[in-house]
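predicted model and sequence below, questions to follow.
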Amino acid sequence: MNLAELIILAVGLSMDAFAVAVCKGLSFRKITAKHLLTVGLYFGIFQAGMPLIGYTLGVQFADAISSIDHWIAFGLLAIIGVHMIKEAVEEGEECCCEENDTSLSFKNMVVLAVATSIDALAVGITFAFLKVSIIPAVSFIGLVTFTLSVIGVLIGNLFGAKFKSKAEVAGGIILVCLGVKILLQHLGILA
């Protein structure tokens, strides 16, 4: 996986976190550095940690299924991407959190961070099949997610929820396209 693909993947994965961060931004009357850092760190750390866990699990059985790993990578990315698109279309412009929910409590943030990063676990499994250098990859994913989450809080506070579903659709499309690219490369259709 080259740098451009990693950037695209990181942005795609972080769209759920971005969408939730927009909703968090809606719920804050006045944003402080604590709001930005808390949301960014929770989402960034979990978005980096989940692929690392997935990679660790995937390495355990990557050699046993190397002949079909490209199909698994394609399937996982396609399923995650289609699910993101479906959720965005079904939710419409509804916000993911209550308007008065300004809680940055550990419990609240962990639930949101896990919910927005569960798809990254499956991506971590595909990293094992693709033999990706995991530490730089998950560090980059975490950094991109942190940055986009901070931006999401600011956008939510300034503009409202109109970007939420568009971000989720874009993220889903990116993941599906990456899955198709991996499949076509392993089938020899793309160089």
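Structure received.

which helices and strands does the lengthiest helix in the chain pack with?
The residue-count maximum for a helix in the chain (DSSP state H) belongs to helix 33-61. Applying 3 or more Cβ pairs under 8 Å, 6 or more residues apart in numbering; DSSP states H and E, we find helix 33-61 packed against helix 3-27, helix 106-130, helix 134-159. (Each C-beta comes from the backbone N, C-alpha and C, glycine too.)

just those: most buried one?
Most buried of the helices and strands packed on helix 33-61, by mean neighbour count (mean count of other Cβ atoms under 10 Å): helix 3-27, with a mean of 23.

run the chain-centre distance for that one.
Distance of helix 3-27 from the chain centroid (Cα atoms, centre = their mean, to the nearest Å) equals 6 Å.

repeat that for stretch 10-29.
So, by Cα atoms, centre = their mean, the centroid of stretch 10-29 is 10 Å from its chain's centroid.

quick one: mean pLDDT for the host helix or strand of M84?
Counting by DSSP states H and E, the element that carries M84 is helix 69-91. Summarised as a single mean, pLDDT over helix 69-91 is 78.

give me phi/psi at K131?
K131 adopts backbone torsions of phi 60, psi 50, taken as degrees, to the nearest 10.

what's around it, how many residues?
If you count neighbours by other Cβ atoms under 10 Å, K131 ends up with 12.

separation between it and V138?
Note on K131: its distance to V138, by Cβ to Cβ, to the nearest Å, is 15 Å.

now swap in A64 and tell me
23 Å.

out of everything not next to it in sequence, what's closest to G156?
G25 (2.4 Å; Cβ to Cβ, 6 or more residues apart in numbering).

thought L154 was touching that neighbour, still the case?
Yes - under the criterion of Cβ atoms under 8 Å, G25 makes contact with L154 at 6.3 Å.

tell me, what's touching those two both at once?
I31 (Cβ atoms under 8 Å, 6 or more residues apart in numbering).

next, K30: secondary structure please.
Under DSSP: H, G, I helix; E, B strand; the rest coil, the three-state class of K30 is coil.

go on, I189?
Secondary structure for I189, judged by three-state DSSP, is coil.

just give me the neighbour total for it.
I189, neighbours per other Cβ under 10 Å, totals 10.

what pLDDT is listed against it?
I189 is assigned 89 on the pLDDT scale.
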